[in-house]
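K.L.:
Here is my input, please return the structure:
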Amino acid sequence: MTTVASLNAAALLDAWERGRTAPPPWRGAALLCAALPEATPDAVAALTPGERDRHLLALRTSVFGAAAELVADCPACGIQVQFRGTLDPPEAAAGPEPAVPTVDGHRVTVRPLTLLDLADAAASGEPTAARRLLLERAVVRAENDAGPVPIDAFPDRVVAAVEAVLAAADPPPVPELNLACPDCGVRWSGVLDVEAFLWEELEAWARRTVQEVDALARAYGWREADILALSPWRRNAYLDMVSKG
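P.N.:
Okay, here's the model as predicted:
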(Lines give C-alpha, C1' and ligand atoms only; values in the text may rest on other atoms or scores of the structure.)
Protein backbone atom coordinates (compact mmCIF):
# COMPACT_ATOMS: atom_id res chain seq x y z
CA MET A 1 0.00 0.00 0.00
CA THR A 2 1.18 3.54 -0.67
CA THR A 3 3.03 5.73 1.82
CA VAL A 4 0.94 7.79 4.21
CA ALA A 5 0.51 11.40 3.09
CA SER A 6 0.40 14.27 5.54
CA LEU A 7 -3.08 15.78 5.84
CA ASN A 8 -3.77 19.51 5.95
CA ALA A 9 -6.19 21.03 8.45
CA ALA A 10 -9.22 20.81 6.15
CA ALA A 11 -8.58 17.14 5.30
CA LEU A 12 -8.07 16.28 8.97
CA LEU A 13 -11.36 17.91 9.91
CA ASP A 14 -13.13 16.02 7.12
CA ALA A 15 -11.68 12.71 8.34
CA TRP A 16 -12.63 13.54 11.93
CA GLU A 17 -16.20 14.33 10.85
CA ARG A 18 -16.51 11.05 8.95
CA GLY A 19 -15.05 8.94 11.72
CA ARG A 20 -16.42 10.55 14.88
CA THR A 21 -19.62 8.47 14.95
CA ALA A 22 -17.92 5.26 13.83
CA PRO A 23 -16.88 2.54 16.29
CA PRO A 24 -13.35 1.14 16.41
CA PRO A 25 -11.74 -0.03 14.18
CA TRP A 26 -13.45 2.21 11.62
CA ARG A 27 -12.24 5.48 13.15
CA GLY A 28 -8.67 4.69 12.25
CA ALA A 29 -9.83 3.43 8.87
CA ALA A 30 -11.48 6.79 8.15
CA LEU A 31 -8.14 8.51 8.77
CA LEU A 32 -6.27 6.09 6.54
CA CYS A 33 -8.75 6.40 3.69
CA ALA A 34 -7.83 10.10 3.66
CA ALA A 35 -4.09 9.66 4.26
CA LEU A 36 -3.39 6.80 1.84
CA PRO A 37 -3.94 8.42 -1.58
CA GLU A 38 -4.57 5.24 -3.56
CA ALA A 39 -6.29 3.18 -0.87
CA THR A 40 -9.90 2.11 -1.29
CA PRO A 41 -12.15 1.47 1.73
CA ASP A 42 -11.97 -2.26 0.94
CA ALA A 43 -8.17 -2.17 0.90
CA VAL A 44 -8.08 -0.40 4.26
CA ALA A 45 -10.57 -2.90 5.72
CA ALA A 46 -8.24 -5.70 4.59
CA LEU A 47 -5.32 -4.34 6.66
CA THR A 48 -4.25 -6.23 9.74
CA PRO A 49 -4.39 -4.30 13.05
CA GLY A 50 -0.60 -4.07 13.09
CA GLU A 51 -0.50 -2.68 9.54
CA ARG A 52 -3.19 -0.14 10.39
CA ASP A 53 -1.33 1.00 13.50
CA ARG A 54 1.95 1.39 11.63
CA HIS A 55 0.21 3.62 9.09
CA LEU A 56 -1.52 5.57 11.88
CA LEU A 57 1.79 6.18 13.64
CA ALA A 58 3.27 7.49 10.39
CA LEU A 59 0.27 9.79 9.99
CA ARG A 60 0.55 10.97 13.61
CA THR A 61 4.22 11.80 13.17
CA SER A 62 3.49 13.85 10.05
CA VAL A 63 0.69 15.78 11.79
CA PHE A 64 1.56 16.01 15.49
CA GLY A 65 5.21 14.94 15.60
CA ALA A 66 6.78 11.89 17.24
CA ALA A 67 6.89 13.19 20.84
CA ALA A 68 4.09 11.84 23.02
CA GLU A 69 2.83 12.14 26.57
CA LEU A 70 0.78 9.22 27.83
CA VAL A 71 -1.20 8.88 31.05
CA ALA A 72 -2.04 5.58 32.74
CA ASP A 73 -3.70 4.69 36.04
CA CYS A 74 -1.56 2.76 38.51
CA PRO A 75 -3.19 -0.68 38.99
CA ALA A 76 -2.33 -0.64 42.70
CA CYS A 77 -3.10 2.84 44.04
CA GLY A 78 -4.94 4.45 41.12
CA ILE A 79 -2.71 7.50 40.78
CA GLN A 80 -2.16 8.78 37.24
CA VAL A 81 1.31 8.03 35.92
CA GLN A 82 2.76 10.03 33.05
CA PHE A 83 5.04 8.61 30.37
CA ARG A 84 6.96 10.83 27.99
CA GLY A 85 8.70 9.46 24.93
CA THR A 86 8.52 9.19 21.17
CA LEU A 87 6.23 7.13 18.97
CA ASP A 88 8.30 6.78 15.83
CA PRO A 89 6.64 4.76 13.05
CA PRO A 90 8.49 1.42 12.79
CA GLU A 91 9.60 -0.39 9.69
CA ALA A 92 6.97 -2.59 8.04
CA ALA A 93 6.88 -6.03 9.60
CA ALA A 94 7.23 -9.26 7.68
CA GLY A 95 4.05 -10.99 6.59
CA PRO A 96 2.46 -13.58 8.85
CA GLU A 97 3.50 -17.20 8.73
CA PRO A 98 0.76 -19.16 6.94
CA ALA A 99 0.78 -22.32 9.06
CA VAL A 100 0.62 -23.38 12.68
CA PRO A 101 3.12 -26.06 13.73
CA THR A 102 1.57 -29.48 14.20
CA VAL A 103 -0.08 -29.60 17.63
CA ASP A 104 -1.53 -32.84 19.02
CA GLY A 105 -1.53 -34.24 15.49
CA HIS A 106 -3.41 -31.25 14.05
CA ARG A 107 -2.01 -29.37 11.05
CA VAL A 108 -3.58 -25.95 10.69
CA THR A 109 -3.14 -23.28 8.01
CA VAL A 110 -4.17 -19.75 8.95
CA ARG A 111 -4.44 -16.33 7.40
CA PRO A 112 -3.99 -12.99 9.22
CA LEU A 113 -7.01 -11.33 10.78
CA THR A 114 -8.12 -8.04 9.25
CA LEU A 115 -9.93 -4.94 10.44
CA LEU A 116 -13.11 -6.26 8.84
CA ASP A 117 -12.77 -9.47 10.85
CA LEU A 118 -12.33 -7.51 14.09
CA ALA A 119 -15.31 -5.28 13.31
CA ASP A 120 -17.55 -8.26 12.58
CA ALA A 121 -16.42 -9.96 15.78
CA ALA A 122 -17.10 -6.84 17.84
CA ALA A 123 -20.57 -6.60 16.29
CA SER A 124 -21.41 -10.06 17.63
CA GLY A 125 -21.74 -8.49 21.07
CA GLU A 126 -20.61 -11.58 22.99
CA PRO A 127 -16.99 -12.57 23.80
CA THR A 128 -17.41 -16.29 23.13
CA ALA A 129 -19.13 -15.70 19.79
CA ALA A 130 -16.51 -13.11 18.84
CA ARG A 131 -13.66 -15.51 19.61
CA ARG A 132 -15.27 -18.25 17.55
CA LEU A 133 -15.85 -15.94 14.59
CA LEU A 134 -12.21 -14.84 14.61
CA LEU A 135 -11.09 -18.46 14.74
CA GLU A 136 -13.36 -19.32 11.81
CA ARG A 137 -11.99 -16.40 9.78
CA ALA A 138 -8.35 -17.17 10.56
CA VAL A 139 -8.34 -20.91 9.91
CA VAL A 140 -8.04 -21.71 6.22
CA ARG A 141 -7.55 -25.47 6.60
CA ALA A 142 -7.26 -27.91 9.51
CA GLU A 143 -6.61 -31.62 9.38
CA ASN A 144 -5.15 -34.58 11.19
CA ASP A 145 -4.33 -38.09 10.05
CA ALA A 146 -8.04 -38.92 9.91
CA GLY A 147 -8.87 -36.02 7.59
CA PRO A 148 -10.33 -32.50 7.93
CA VAL A 149 -11.07 -31.26 11.46
CA PRO A 150 -13.90 -28.79 12.17
CA ILE A 151 -13.14 -25.87 14.46
CA ASP A 152 -15.59 -27.15 17.08
CA ALA A 153 -13.39 -30.23 17.44
CA PHE A 154 -10.16 -28.30 18.09
CA PRO A 155 -8.50 -29.20 21.40
CA ASP A 156 -7.73 -26.23 23.63
CA ARG A 157 -4.01 -26.59 22.87
CA VAL A 158 -4.68 -26.16 19.14
CA VAL A 159 -6.83 -23.08 19.70
CA ALA A 160 -4.08 -21.59 21.89
CA ALA A 161 -1.46 -22.37 19.23
CA VAL A 162 -3.51 -20.66 16.51
CA GLU A 163 -4.01 -17.56 18.65
CA ALA A 164 -0.30 -17.44 19.54
CA VAL A 165 0.76 -17.64 15.88
CA LEU A 166 -1.69 -14.90 14.89
CA ALA A 167 -0.44 -12.61 17.68
CA ALA A 168 3.22 -13.21 16.83
CA ALA A 169 2.65 -12.66 13.10
CA ASP A 170 1.01 -9.25 13.56
CA PRO A 171 2.66 -7.63 16.60
CA PRO A 172 1.70 -4.13 17.74
CA PRO A 173 4.09 -1.51 16.33
CA VAL A 174 4.75 0.03 19.76
CA PRO A 175 6.57 -2.26 22.22
CA GLU A 176 5.09 -2.79 25.65
CA LEU A 177 5.47 0.31 27.82
CA ASN A 178 7.23 -0.33 31.11
CA LEU A 179 5.70 1.94 33.75
CA ALA A 180 6.44 2.58 37.42
CA CYS A 181 4.26 4.37 39.98
CA PRO A 182 6.14 7.20 41.74
CA ASP A 183 3.89 6.88 44.81
CA CYS A 184 3.65 3.17 45.61
CA GLY A 185 6.53 1.83 43.51
CA VAL A 186 4.49 -0.75 41.60
CA ARG A 187 5.82 -1.61 38.15
CA TRP A 188 3.72 -2.90 35.26
CA SER A 189 3.64 -3.14 31.49
CA GLY A 190 0.97 -2.00 29.08
CA VAL A 191 0.24 -2.01 25.35
CA LEU A 192 -0.68 1.27 23.70
CA ASP A 193 -3.97 1.36 21.78
CA VAL A 194 -2.63 3.40 18.84
CA GLU A 195 -6.01 4.04 17.25
CA ALA A 196 -7.64 5.23 20.49
CA PHE A 197 -4.65 7.38 21.43
CA LEU A 198 -4.45 9.10 18.04
CA TRP A 199 -8.20 9.61 17.90
CA GLU A 200 -8.17 11.27 21.33
CA GLU A 201 -5.47 13.65 20.10
CA LEU A 202 -7.40 14.34 16.90
CA GLU A 203 -10.63 14.95 18.83
CA ALA A 204 -8.95 17.57 21.03
CA TRP A 205 -7.29 19.22 18.03
CA ALA A 206 -10.50 19.26 15.97
CA ARG A 207 -12.62 20.83 18.71
CA ARG A 208 -9.96 23.46 19.34
CA THR A 209 -9.68 24.17 15.62
CA VAL A 210 -13.41 24.66 15.02
CA GLN A 211 -13.46 27.09 17.97
CA GLU A 212 -10.62 29.02 16.33
CA VAL A 213 -12.47 29.07 13.01
CA ASP A 214 -15.58 30.36 14.76
CA ALA A 215 -13.64 33.15 16.49
CA LEU A 216 -11.90 34.31 13.31
CA ALA A 217 -15.03 34.04 11.18
CA ARG A 218 -16.92 36.23 13.64
CA ALA A 219 -14.09 38.75 13.86
CA TYR A 220 -13.13 39.04 10.19
CA GLY A 221 -15.96 37.43 8.21
CA TRP A 222 -13.57 34.92 6.65
CA ARG A 223 -14.67 31.58 5.21
CA GLU A 224 -13.72 28.33 6.93
CA ALA A 225 -11.56 27.28 3.97
CA ASP A 226 -9.56 30.52 4.12
CA ILE A 227 -8.99 30.19 7.87
CA LEU A 228 -7.90 26.56 7.65
CA ALA A 229 -5.50 27.47 4.85
CA LEU A 230 -3.58 29.74 7.26
CA SER A 231 -0.50 28.30 8.92
CA PRO A 232 -0.96 27.50 12.63
CA TRP A 233 1.42 30.35 13.52
CA ARG A 234 -0.48 32.93 11.46
CA ARG A 235 -3.84 31.70 12.74
CA ASN A 236 -2.61 32.07 16.31
CA ALA A 237 -1.34 35.57 15.55
CA TYR A 238 -4.80 36.65 14.37
CA LEU A 239 -6.44 34.95 17.37
CA ASP A 240 -4.10 36.84 19.66
CA MET A 241 -5.18 40.14 18.11
CA VAL A 242 -8.84 39.15 18.40
CA SER A 243 -8.41 38.32 22.09
CA LYS A 244 -6.81 41.72 22.72
CA GLY A 245 -9.77 43.49 21.14
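
K.L.:
And Ala169, what's its pLDDT?
P.N.:
Ala169 carries a pLDDT value of 86.

K.L.:
Distance check, it against Ala45.
P.N.:
Distance, Ala169 to Ala45, using CB to CB, to the nearest Å: 19 Å. For the C-beta atoms, the positions are set from N, CA and C on the backbone; glycine is no exception.

K.L.:
partners of the helix or strand containing Thr109 in the sheet?
P.N.:
Element membership of Thr109, judged by DSSP states H and E, is strand 106-110. Strand 106-110 pairs in its sheet with strand 99-103 (antiparallel), strand 139-144 (antiparallel), by DSSP bridges.

K.L.:
Please identify which of those is closest to Asn178.
P.N.:
Taking CB to CB, strand 99-103 is the member of these nearest to Asn178, at 30.2 Å.

K.L.:
Please list the residues outside the helix or strand of the chain with the lowest mean pLDDT that contact it.
P.N.:
One helix or strand of the chain scores below all others by mean pLDDT, DSSP states H and E: strand 99-103, with a mean of 79. Residues from elsewhere that reach strand 99-103 (CB atoms under 8 Å, 6 or more residues apart in numbering): Arg107, Val108, Thr109, Val110, Pro155, Arg157, Val158, Ala161, Val162, Val165.

K.L.:
repeat for stretch 16-28
P.N.:
The contact list for stretch 16-28, computed with CB under 8 Å, 6+ apart, reads 29-31, 49, 52-53, 56, 115, 118-119, 122, 194-196, 198-199, 202-203, 206.

K.L.:
in the chain, which residue is closest to the centre?
P.N.:
Glu195 (2.7 Å; CA atoms, centre = their mean).

K.L.:
Doesn't that one belong to a helix?
P.N.:
Yes. Glu195: assigned to a helix according to DSSP: H, G, I helix; E, B strand; the rest coil.

K.L.:
Need the nearest residue in space to it, chain neighbours excluded.
P.N.:
Gly28 (4.0 Å; CB to CB, 6 or more residues apart in numbering).

K.L.:
State the next helix or strand along the chain beyond the helix or strand hosting that neighbour.
P.N.:
Secondary-structure assignment from DSSP H and E places Gly28 in helix 26-35. With elements assigned by DSSP H and E, the helix or strand that comes after helix 26-35 is helix 41-45.
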